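1. here's a sequence, model it:
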Amino acid sequence: MSDTAKDQEMSINQYVTEGNIEQATALVSELELPSYLEAYNLAYIKYKSGSLVEARYLLEKAQASGMFSQEVTEALTMVKDDLGISYAEQDQTTLDNLMLMGKSLPNEFFPSLTLLCLIIWGVLTLKKKFVLSVFPAVLALVLGIFYYANLDTKVAINVDEIPVYRGPSRIFEEIQVLPQGAKFIISKEVNDWKYISYPSIYRGWVYKNKALML
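-> As a prediction, this is how the structure comes out:
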(Lines give C-alpha, C1' and ligand atoms only; values in the text may rest on other atoms or scores of the structure.)
Protein backbone atom coordinates (compact mmCIF):
# COMPACT_ATOMS: atom_id res chain seq x y z
CA MET A 1 0.00 0.00 0.00
CA SER A 2 1.38 3.41 -0.95
CA ASP A 3 1.89 6.21 1.57
CA THR A 4 -0.94 8.14 -0.07
CA ALA A 5 -3.31 5.19 0.26
CA LYS A 6 -2.32 4.75 3.91
CA ASP A 7 -2.96 8.44 4.58
CA GLN A 8 -6.37 8.20 2.92
CA GLU A 9 -7.27 5.12 4.98
CA MET A 10 -6.19 6.90 8.15
CA SER A 11 -8.28 9.91 7.18
CA ILE A 12 -11.37 7.73 6.69
CA ASN A 13 -10.82 6.06 10.08
CA GLN A 14 -10.30 9.44 11.73
CA TYR A 15 -13.49 10.85 10.23
CA VAL A 16 -15.44 7.79 11.38
CA THR A 17 -13.96 7.95 14.88
CA GLU A 18 -14.90 11.62 15.13
CA GLY A 19 -18.40 10.90 13.86
CA ASN A 20 -17.88 12.80 10.60
CA ILE A 21 -19.74 10.23 8.51
CA GLU A 22 -20.44 12.57 5.59
CA GLN A 23 -16.75 13.45 5.23
CA ALA A 24 -15.72 9.81 5.41
CA THR A 25 -18.30 8.86 2.77
CA ALA A 26 -17.24 11.73 0.51
CA LEU A 27 -13.58 10.68 0.78
CA VAL A 28 -14.40 7.10 -0.26
CA SER A 29 -16.26 8.43 -3.30
CA GLU A 30 -13.30 10.65 -4.23
CA LEU A 31 -10.90 7.68 -4.25
CA GLU A 32 -12.53 6.22 -7.41
CA LEU A 33 -12.12 2.66 -6.12
CA PRO A 34 -13.40 -0.45 -7.92
CA SER A 35 -17.09 -0.97 -7.12
CA TYR A 36 -16.46 -3.86 -4.71
CA LEU A 37 -13.85 -1.94 -2.70
CA GLU A 38 -16.03 1.16 -2.58
CA ALA A 39 -18.95 -0.93 -1.30
CA TYR A 40 -16.71 -2.60 1.30
CA ASN A 41 -15.37 0.72 2.61
CA LEU A 42 -18.82 2.28 2.69
CA ALA A 43 -20.07 -0.79 4.59
CA TYR A 44 -17.41 -0.14 7.24
CA ILE A 45 -18.58 3.46 7.57
CA LYS A 46 -22.24 2.45 7.81
CA TYR A 47 -21.43 -0.20 10.42
CA LYS A 48 -19.49 2.25 12.57
CA SER A 49 -22.36 4.75 12.33
CA GLY A 50 -24.86 2.11 13.46
CA SER A 51 -26.60 1.62 10.09
CA LEU A 52 -26.46 -2.17 10.23
CA VAL A 53 -28.95 -2.93 7.43
CA GLU A 54 -27.11 -0.66 5.00
CA ALA A 55 -23.81 -2.19 6.12
CA ARG A 56 -25.10 -5.69 5.26
CA TYR A 57 -26.48 -4.44 1.94
CA LEU A 58 -23.11 -2.96 0.95
CA LEU A 59 -21.18 -6.06 2.01
CA GLU A 60 -23.54 -8.21 -0.06
CA LYS A 61 -22.96 -5.83 -2.98
CA ALA A 62 -19.21 -6.25 -2.54
CA GLN A 63 -19.62 -10.02 -2.75
CA ALA A 64 -21.95 -9.77 -5.74
CA SER A 65 -19.23 -7.73 -7.46
CA GLY A 66 -16.75 -10.56 -6.96
CA MET A 67 -15.14 -9.74 -3.61
CA PHE A 68 -15.11 -13.16 -1.94
CA SER A 69 -12.55 -12.58 0.78
CA GLN A 70 -12.20 -13.58 4.41
CA GLU A 71 -12.56 -9.92 5.41
CA VAL A 72 -15.99 -9.64 3.77
CA THR A 73 -17.13 -12.98 5.23
CA GLU A 74 -16.06 -11.98 8.73
CA ALA A 75 -17.65 -8.53 8.37
CA LEU A 76 -20.93 -10.08 7.22
CA THR A 77 -20.90 -12.47 10.18
CA MET A 78 -20.34 -9.57 12.58
CA VAL A 79 -23.13 -7.47 11.04
CA LYS A 80 -25.59 -10.39 11.10
CA ASP A 81 -24.71 -11.11 14.72
CA ASP A 82 -25.42 -7.49 15.65
CA LEU A 83 -28.71 -7.61 13.73
CA GLY A 84 -29.63 -10.76 15.64
CA ILE A 85 -30.35 -12.85 12.54
CA SER A 86 -27.36 -15.22 12.48
CA TYR A 87 -29.18 -17.93 14.43
CA ALA A 88 -32.20 -17.81 12.11
CA GLU A 89 -29.99 -18.05 9.02
CA GLN A 90 -28.26 -21.11 10.42
CA ASP A 91 -31.65 -22.87 10.34
CA GLN A 92 -32.12 -22.22 6.61
CA THR A 93 -32.23 -25.27 4.39
CA THR A 94 -29.49 -26.23 1.94
CA LEU A 95 -31.80 -25.26 -0.92
CA ASP A 96 -32.41 -21.85 0.67
CA ASN A 97 -28.68 -21.23 0.91
CA LEU A 98 -28.03 -22.43 -2.64
CA MET A 99 -30.74 -20.19 -4.06
CA LEU A 100 -29.58 -17.14 -2.12
CA MET A 101 -25.95 -17.79 -3.01
CA GLY A 102 -26.77 -18.34 -6.67
CA LYS A 103 -28.70 -15.09 -6.91
CA SER A 104 -25.94 -13.20 -5.13
CA LEU A 105 -23.20 -14.16 -7.57
CA PRO A 106 -22.08 -11.71 -10.28
CA ASN A 107 -24.54 -11.56 -13.22
CA GLU A 108 -22.04 -13.00 -15.68
CA PHE A 109 -21.20 -16.03 -13.52
CA PHE A 110 -23.81 -18.52 -14.77
CA PRO A 111 -23.59 -17.64 -18.50
CA SER A 112 -19.79 -17.84 -18.34
CA LEU A 113 -19.75 -21.15 -16.47
CA THR A 114 -22.41 -22.60 -18.79
CA LEU A 115 -20.33 -21.59 -21.82
CA LEU A 116 -17.23 -23.16 -20.28
CA CYS A 117 -19.11 -26.43 -19.69
CA LEU A 118 -20.30 -26.43 -23.30
CA ILE A 119 -16.76 -25.88 -24.55
CA ILE A 120 -15.49 -28.78 -22.43
CA TRP A 121 -18.37 -30.92 -23.68
CA GLY A 122 -17.49 -30.05 -27.30
CA VAL A 123 -13.81 -30.89 -26.82
CA LEU A 124 -14.57 -34.23 -25.15
CA THR A 125 -17.11 -35.08 -27.84
CA LEU A 126 -14.62 -34.33 -30.61
CA LYS A 127 -12.16 -36.63 -28.87
CA LYS A 128 -14.93 -39.27 -28.74
CA LYS A 129 -14.81 -39.42 -24.96
CA PHE A 130 -18.56 -39.68 -24.76
CA VAL A 131 -18.81 -40.96 -21.20
CA LEU A 132 -16.74 -38.08 -19.84
CA SER A 133 -18.69 -35.58 -21.92
CA VAL A 134 -21.93 -36.40 -20.10
CA PHE A 135 -21.01 -34.51 -16.92
CA PRO A 136 -20.27 -31.07 -18.47
CA ALA A 137 -23.36 -31.44 -20.67
CA VAL A 138 -25.61 -32.13 -17.68
CA LEU A 139 -23.98 -29.35 -15.66
CA ALA A 140 -24.46 -26.87 -18.50
CA LEU A 141 -28.13 -27.86 -18.70
CA VAL A 142 -28.66 -27.43 -14.94
CA LEU A 143 -26.88 -24.07 -14.89
CA GLY A 144 -28.85 -22.85 -17.88
CA ILE A 145 -32.18 -23.90 -16.38
CA PHE A 146 -31.35 -22.24 -13.05
CA TYR A 147 -30.26 -19.02 -14.75
CA TYR A 148 -33.30 -18.63 -16.99
CA ALA A 149 -35.77 -19.80 -14.34
CA ASN A 150 -34.56 -17.06 -12.00
CA LEU A 151 -34.11 -14.17 -14.42
CA ASP A 152 -37.19 -12.40 -13.08
CA THR A 153 -36.44 -12.92 -9.39
CA LYS A 154 -34.86 -10.25 -7.21
CA VAL A 155 -32.68 -10.39 -4.13
CA ALA A 156 -33.24 -7.86 -1.38
CA ILE A 157 -32.23 -6.90 2.15
CA ASN A 158 -35.17 -6.11 4.42
CA VAL A 159 -35.09 -2.66 6.06
CA ASP A 160 -37.82 -2.86 8.70
CA GLU A 161 -39.35 -5.81 10.55
CA ILE A 162 -42.60 -6.66 8.76
CA PRO A 163 -45.30 -9.37 8.92
CA VAL A 164 -45.55 -12.08 6.26
CA TYR A 165 -49.03 -13.10 5.12
CA ARG A 166 -50.28 -16.30 3.51
CA GLY A 167 -51.80 -14.34 0.59
CA PRO A 168 -51.55 -10.86 -0.99
CA SER A 169 -54.05 -9.24 1.38
CA ARG A 170 -54.36 -8.52 5.08
CA ILE A 171 -57.42 -10.76 5.19
CA PHE A 172 -55.02 -13.70 5.02
CA GLU A 173 -53.32 -15.21 8.05
CA GLU A 174 -50.11 -13.64 9.34
CA ILE A 175 -47.70 -16.58 9.29
CA GLN A 176 -44.27 -15.15 10.03
CA VAL A 177 -42.28 -11.98 10.67
CA LEU A 178 -39.53 -10.98 8.27
CA PRO A 179 -36.77 -9.59 10.49
CA GLN A 180 -34.78 -6.44 9.89
CA GLY A 181 -31.68 -7.14 7.82
CA ALA A 182 -32.93 -10.46 6.41
CA LYS A 183 -31.84 -11.41 2.90
CA PHE A 184 -34.59 -12.85 0.71
CA ILE A 185 -35.70 -13.57 -2.87
CA ILE A 186 -38.77 -11.97 -4.44
CA SER A 187 -40.29 -14.04 -7.24
CA LYS A 188 -43.49 -12.09 -8.03
CA GLU A 189 -45.37 -8.91 -7.21
CA VAL A 190 -49.05 -7.93 -7.11
CA ASN A 191 -49.58 -4.20 -6.73
CA ASP A 192 -47.88 -3.30 -3.42
CA TRP A 193 -47.48 -6.94 -2.40
CA LYS A 194 -44.28 -8.97 -2.90
CA TYR A 195 -43.99 -12.74 -2.70
CA ILE A 196 -40.98 -14.15 -0.85
CA SER A 197 -39.95 -17.52 -2.26
CA TYR A 198 -36.69 -18.01 -0.33
CA PRO A 199 -35.74 -18.56 2.46
CA SER A 200 -38.62 -21.00 2.76
CA ILE A 201 -39.22 -20.09 6.43
CA TYR A 202 -40.40 -16.64 5.26
CA ARG A 203 -42.32 -17.88 2.22
CA GLY A 204 -45.38 -15.69 1.79
CA TRP A 205 -46.50 -12.15 0.98
CA VAL A 206 -45.33 -8.82 2.42
CA TYR A 207 -47.04 -5.46 1.97
CA LYS A 208 -45.21 -2.27 0.96
CA ASN A 209 -41.96 -3.87 2.01
CA LYS A 210 -39.05 -1.48 2.45
CA ALA A 211 -36.05 -3.28 0.97
CA LEU A 212 -32.65 -2.55 -0.50
CA MET A 213 -32.48 -4.36 -3.83
CA LEU A 214 -29.22 -6.12 -4.73
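2. start and end of stretch 203-214, how far apart?
-> 19 Å (Cα to Cα, to the nearest Å).
3. so which bits of it are buried?
-> Neighbour counts using 16 or more other Cβ atoms under 10 Å place 203-206, 209, 211-212, 214 of stretch 203-214 among the buried residues. Where you see a C-beta, it was placed from the backbone N, CA and C, and this is true even at glycine.
4. who touches it?
-> If you take Cβ atoms under 8 Å, 6 or more residues apart in numbering as the criterion, stretch 203-214 is touched by 53-54, 57, 60-61, 64, 103-104, 154-160, 162-170, 172, 175-176, 178, 186, 190, 192-197.
5. are any of those buried, and which?
-> 53-54, 57, 60-61, 64, 103-104, 154-159, 162, 164-165, 168, 176, 178, 186, 193-197.
6. which ones among the residues you listed lie within helices?
-> In helices, defined here by DSSP state H, the members of the buried ones among the contacts of stretch 203-214 are 53-54, 57, 60-61, 64, 103-104.
7. farthest pair within these?
-> Greatest spatial distance among these (Cβ to Cβ): Glu54 and Lys103, at 19.7 Å.
8. show me what the lengthiest helix in the chain is packed up against.
-> Ordering each helix of the chain by length in residues (DSSP H) puts helix 130-149 first. The helices and strands touching helix 130-149, judged by 3 or more Cβ pairs under 8 Å, 6 or more residues apart in numbering; DSSP states H and E, are helix 109-126.
9. report the angle between the axes of the helix it packs on and helix 130-149?
-> Interaxial angle, helix 109-126 versus helix 130-149 (axes from the mean of the first three to the mean of the last three Cα atoms, to 10 degrees): 160 degrees.
10. okay, buried residues for helix 109-126 please.
-> Buried residues in helix 109-126, counting neighbours by 16+ other Cβ under 10 Å, are found at 110, 113-114, 117-118, 120-121, 124.
11. gap between Leu27 and Ile171?
-> When Cβ to Cβ, to the nearest Å is applied, the distance between Leu27 and Ile171 equals 51 Å.
12. ok, these two, which is more surrounded?
-> Between Leu27 and Ile171, counting by other Cβ atoms under 10 Å, Leu27 is the more crowded of the two (18 against 8).
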